[in-house]
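*Asks:* the amino acid sequence is not available; the structure is as follows:
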DNA sequence: GTCCCGTGTTGATCTGGGTCAAAGTACATC
DNA sequence: GATGTACTTTGACCCAGATCAACACGGGAC
């Protein structure tokens, strides 16, 4: 996932969020060219599956625009979303040939991909890239662990507030909105997808959204367009300590 | 966390699970010596806190022996364990000066530590170390995500079975037990710690342990000594698909 | 227009696991 | 031995959120 820091870096290079230009600021020119060589773009439509868990995956890459989800499913159909991929987030794992999760585009999606084998070679020879990937992975690990607290200990209302606060924060960062004042954004997820992220049912999600609306914590226009009049209030509802972490 | 692969590596060097000997098989001698220089050991007694969330942390390290936990706490006291650290697991984060979680020794604990600044320098100059850390971090990320499924979607009984199955598996790997047949181990956690890991209350943990015992899925001698007559049965109870993943 | 169909809301009811309370067990320490 | 303390078990009751069910809202396709 992503926090302010990685986003700031992202803005170095609008086109390609793994931002190899920045990674390679200290690299040799031929390394830069090598990355350029193994790079390609893939586009997906909303609803399309990028890759199924268990499928062979011979690329790694990152989201350029749009949103994708990472989900795990049990045999009986229970599903849990384990990651929300926004622009600049990394997908795939050097050193592993098969996908561990289902990756699904929830909006139209553009990804910047690198062929896996040559990319792995580059890592082996280019410390900056390995370091950068390590940083990004550690950020994701922190986000996953923060989410464990949400899943394990928060109430339904707190879960919803947590999710909204993450999306609001990331959306604001992406769109360079000021830190203060009301925030407005479109939910990129259906109620069902929200439920899968939060370990709830879609009915509970719907009810809690209504409750937050009734209590004035959020305003809703239509089903998806959300305004948060007071971010502090929302974060209070989420049970976050003041600083709010840097979740997802 | 850890899987078979990282464990195998661990066994290269009993003393120091970050296994710098293996990391540095391809390094220069002076790099090896440099690591040796910045390395030191710390011992903790059961129950002692290694570090508090928010404290300054100027080392990274890994567990040599014993068990530690990583926990997050909300202001109102709700706590969620976000990691279980067994021998060879890594603690700390290059590039960050403060601890993000409480780290507590649940048994007597020995850690092998490296001073953070020189360690970070080494990473920058030694691709193998950065790569190895990346691998370990990706393993931990997978474990965290698998745990998200447990927290978000599994029933109390499945949660307990999942935890037991992880511990049984790791214990077997550590002690080189055969893959088949009954497995016996000591629970390294109190009921309360199990509850904090699973997002349950200690009462529910106790009840479900009793239920699993009554149903013959496990045998209990005293409170902590567990025998699993049939690992497949246990994993079925955990709701895992056959292969069982490589959790935690 | 109207017929879908995917999405979202709301109500009624049920239940898994939380909460509160009491008692049991295993070790220390005196 | 008695007393204490940390941990665990078990029971009784309750409630947040799941489940089941009905209905509402858009926005294509025809």
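*Replies:* Thanks, I have the structure now. Note that the coordinates shown come from a computational prediction; the quantities given were computed from them, not determined experimentally.

*Asks:* next, residue A:94: secondary structure please.
*Replies:* Following DSSP: H, G, I helix; E, B strand; the rest coil, we place residue A:94 in the coil state.

*Asks:* and it, how many neighbours?
*Replies:* By other Cβ atoms under 10 Å in any protein chain shown, the residues close to residue A:94 number 21. All C-beta spots, glycine's among them, are computed from the backbone N, C-alpha and C.

*Asks:* what about the nearest residue to it once chain neighbours are set aside, helix or strand, and which?
*Replies:* Nearest non-adjacent residue to residue A:94, counting by Cβ to Cβ, 6 or more residues apart in numbering or on different chains: residue A:120, 4.9 Å away. Assigned by DSSP states H and E, residue A:120 belongs to helix A:116-125.

*Asks:* can you list contacts of that helix?
*Replies:* A:31, A:34-35, A:37-38, A:57-60, A:92, A:94-95, A:97, A:129-130, A:133, B:127, B:131, B:134 (Cβ atoms under 8 Å, 6 or more residues apart in numbering or on different chains).

*Asks:* report the buried members of the residues you listed.
*Replies:* A:31, A:34-35, A:38, A:57, A:59-60, A:92, A:94, A:129-130, A:133, B:127, B:131, B:134 (16 or more other Cβ atoms under 10 Å in any protein chain shown).

*Asks:* what comes up buried for stretch A:69-86?
*Replies:* Those would be A:69-73, A:78-86, for stretch A:69-86 by 16+ other Cβ under 10 Å.

*Asks:* and the angle from the longest helix along chain A to helix B:127-153?
*Replies:* Secondary structure of chain A per DSSP state H: the longest helix is helix A:127-153. Helix A:127-153 runs at 20 degrees relative to helix B:127-153, counting by axes from the mean of the first three to the mean of the last three Cα atoms, to 10 degrees.

*Asks:* okay, now the unreliable bits of chain A?
*Replies:* Along chain A, the model assigns pLDDT under 70 to residues A:1-32, A:176-179, A:241-248.

*Asks:* how about 50 then?
*Replies:* A:1-15, A:17, A:20-22, A:25, A:244-248 (pLDDT under 50).

*Asks:* who in it is up against DNA strand D?
*Replies:* Residues of chain A found near DNA strand D (Cβ under 7 Å from any atom of the strand) are A:155-157, A:199-201, A:203-204, A:222.

*Asks:* make a markdown table out of those and add secondary structure, neighbour count and distance to residue B:116.
*Replies:* Shown next, in a markdown table, are the residues of chain A next to DNA strand D (DSSP: H, G, I helix; E, B strand; the rest coil; neighbours: other Cβ atoms under 10 Å in any protein chain shown; distance: Cβ to Cβ, whole Å):
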| residue | secondary structure | neighbour count | distance to residue B:116 |
| --- | --- | --- | --- |
| A:155 | coil | 12 | 37 |
| A:156 | helix | 17 | 40 |
| A:157 | helix | 19 | 39 |
| A:199 | coil | 24 | 35 |
| A:200 | coil | 20 | 39 |
| A:201 | coil | 14 | 44 |
| A:203 | helix | 10 | 48 |
| A:204 | helix | 18 | 43 |
| A:222 | coil | 8 | 50 |
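
*Asks:* tell me, which of the residues you listed make contact with chain B?
*Replies:* Subset of the residues of chain A next to DNA strand D in contact with chain B: residue A:199, counting by Cβ under 8 Å from any Cβ of the partner chain.

*Asks:* pick out whichever of the residues of chain A next to DNA strand D sits closest to DNA strand C.
*Replies:* For those, the closest approach to DNA strand C (Cβ to the nearest atom of the strand) belongs to residue A:203, at 4.0 Å.

*Asks:* state the distance from the closest one to residue B:191.
*Replies:* Applying Cβ to Cβ, to the nearest Å, one obtains 33 Å for the distance of residue A:203 from residue B:191.

*Asks:* picking that back up, okay, the angle between the longest helix of chain A and helix A:116-125?
*Replies:* Using the same axes, to 10 degrees: helix A:127-153 against helix A:116-125 is 110 degrees.

*Asks:* for the closest residue to residue A:79 other than its chain neighbours, phi and psi?
*Replies:* Among residues not flanking residue A:79 along the chain, residue A:73 sits closest, at 4.5 Å (Cβ to Cβ, 6+ apart). Note on residue A:73: backbone dihedrals following degrees, to the nearest 10 are phi -130, psi 140.

*Asks:* tell me the contacts of residue A:73?
*Replies:* Contact analysis of residue A:73 by Cβ under 8 Å, 6+ apart lists A:53, A:79-80, A:102.

*Asks:* measure residue A:121 to chain B for me?
*Replies:* Residue A:121 sits 11 Å away from chain B, going by Cβ to the nearest Cβ, to the nearest Å.

*Asks:* and for that residue, the neighbour number?
*Replies:* Residues near residue A:121, counting by other Cβ under 10 Å, number 13.

*Asks:* measure how the host helix or strand of residue A:60 sits relative to helix A:127-153, angle-wise.
*Replies:* Residue A:60 belongs to strand A:59-65 when assigned by DSSP H and E. Strand A:59-65 and helix A:127-153 are oriented at 70 degrees to each other (the same axes, to 10 degrees).

*Asks:* so which residues make contact with strand A:59-65?
*Replies:* The contact list for strand A:59-65, computed with Cβ under 8 Å, 6+ apart, reads A:15-18, A:41-42, A:85-94, A:108-116, A:119.

*Asks:* and the residue positioned nearest the centre of chain A, bridged to which residues?
*Replies:* Note on chain A: the residue nearest the mean C-alpha position is residue A:85, at 2.8 Å, using Cα atoms, centre = their mean. Legend: beta-bridge partners of residue A:85 under DSSP bridges are residue A:68.

*Asks:* for DNA strand D, see how far away it is.
*Replies:* From residue A:85 across to DNA strand D, the span is 24 Å (Cβ to the nearest atom of the strand, to the nearest Å).

*Asks:* just to revisit the earlier point, tell me the buried residues within the contacts of strand A:59-65.
*Replies:* Buried among the contacts of strand A:59-65 (16+ other Cβ under 10 Å): A:16-18, A:85-94, A:109, A:111-114, A:116, A:119.

*Asks:* is the one helix or strand residue A:233 maps to anywhere near chain B?
*Replies:* Using DSSP H and E, residue A:233 maps to helix A:231-237. No: using Cβ under 8 Å from any Cβ, we find that helix A:231-237 stays clear of chain B, coming within 10.7 Å at best.

*Asks:* for that helix, packing partners?
*Replies:* Under the contact criterion of 3 or more Cβ pairs under 8 Å, 6 or more residues apart in numbering or on different chains; DSSP states H and E, helix A:231-237 touches helix A:156-174.

*Asks:* which strands or helices does the helix it packs on pack on?
*Replies:* Helix A:156-174 sits against helix A:4-10, helix A:127-153, strand A:183-186, helix A:191-198, helix A:202-214, strand A:225-228, helix A:231-237, with contacts defined as 3+ Cβ pairs under 8 Å, 6+ apart.

*Asks:* which parts of chain A sit against DNA strand C?
*Replies:* Residues of chain A lying near DNA strand C (Cβ under 7 Å from any atom of the strand): A:190-192, A:202-203, A:205-207, A:209-210, A:220, A:223-224.

*Asks:* now render those residues as CSV, adding distance to residue A:180.
*Replies:* What follows is the residues of chain A next to DNA strand C, written out as CSV (distance: Cβ to Cβ, whole Å):
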residue, distance to residue A:180
A:190, 30
A:191, 29
A:192, 33
A:202, 33
A:203, 34
A:205, 28
A:206, 30
A:207, 30
A:209, 24
A:210, 27
A:220, 22
A:223, 27
A:224, 24
